[in-house]
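Below is the sequence, then the predicted model.
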Amino acid sequence: FYLLTLGSMCSIAAVSGTQQNLKLFLSLDRHFTQRDAASVLSLVLAFSIVGRLLIGWLADRFSKKYVMLLTYLLVAAGIPLMFLGTTRLTLYVSGAIFGIGLGGDYMIIPLMTAEIFGIEILGRLLGVILTAGGIAEAASPWLIGRLRDATGSYRESCIVLVGIALLGSVAVLALPARRRTA
């Protein structure tokens, strides 16, 4: 339970910290126009729909643990490409990768919870896991924004976000693949 909660919090923090600061990053650090920044955000959101469908499809066919790991690694891979990439093409590719991870992230958490613990106590467990995720979702953008203000760049924030996403991936690796029956 603790590993699932930690993994979920980390991934949600990485997603939220990136998503909520993306427009500012594009405007302040990359000097995008509002229109160009909105295009990137729209691309991320469009691919998040693809991510929900794709991750749901994969979760029906493969181990949910490994689909969750894939989702978290997509988030971790999309962040540095987005913040450190030097071309618009890199930014768009990273937006697609990150968007798929974003869409899959919120989708896989309830599926993995049900896979490990069953549906008898799913409501209670999700109440705790999603509340913890909500705290991470609220705190991360603030932390990333403060770090950007302190350093004058999103470079350090990118490193923190990737570290958080990878920590979530490590927590997922330690999860059991299925519910234990005794």
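Looks like it came in fine.

can we go C-alpha only for contacts and neighbour counts from here?
Fine.

And the contacts of stretch 79-97?
18, 25, 40-41, 43-44, 47, 74-75, 77-78, 98, 154-155, 158-159, 161-162 (CA atoms under 8 Å, 6 or more residues apart in numbering).

Now that stretch: buried residues?
For stretch 79-97, the buried set under the neighbour-count rule, 16 or more other CA atoms under 10 Å, comprises 79-83, 90-97.

CSV for these, including secondary structure?
Below are these laid out as CSV (DSSP: H, G, I helix; E, B strand; the rest coil):
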residue, secondary structure
79, helix
80, helix
81, helix
82, helix
83, helix
90, helix
91, helix
92, helix
93, helix
94, helix
95, helix
96, helix
97, helix
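
Would you reformat those residues as TSV and include pLDDT and distance to residue 108?
Shown next, in TSV, are the buried residues of stretch 79-97 (pLDDT from 0 to 100; distance: CA to CA, whole Å):
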residue	pLDDT	distance to residue 108
79	94	19
80	92	23
81	90	23
82	87	23
83	86	25
90	90	26
91	90	25
92	92	24
93	94	22
94	94	21
95	94	20
96	96	18
97	96	16
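
mind putting these in TSV, distance to residue 146 included?
TSV is the format used below for the buried residues of stretch 79-97 (distance: CA to CA, whole Å):
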residue	distance to residue 146
79	18
80	19
81	21
82	19
83	16
90	26
91	23
92	26
93	27
94	24
95	23
96	26
97	26
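
Between the residues you listed, which sits nearest residue 119?
Nearest to residue 119 among the buried residues of stretch 79-97 is residue 97, at 31.0 Å by CA to CA.

so how far is residue 91 from that closest one?
From residue 97 across to residue 91, the span is 10 Å (CA to CA, to the nearest Å).

Next: residue 178.
Remark: distance between residue 178 and residue 91 (CA to CA) = 37 Å.

neighbours around residue 102, how many?
31 (other CA atoms under 10 Å).

what helix or strand is the closest residue to it other than its chain neighbours on?
Spatially, and ignoring its direct neighbours in sequence, residue 102 is nearest to residue 48 (5.6 Å; CA to CA, 6 or more residues apart in numbering). Here residue 48 sits within helix 34-61, counting by DSSP states H and E.
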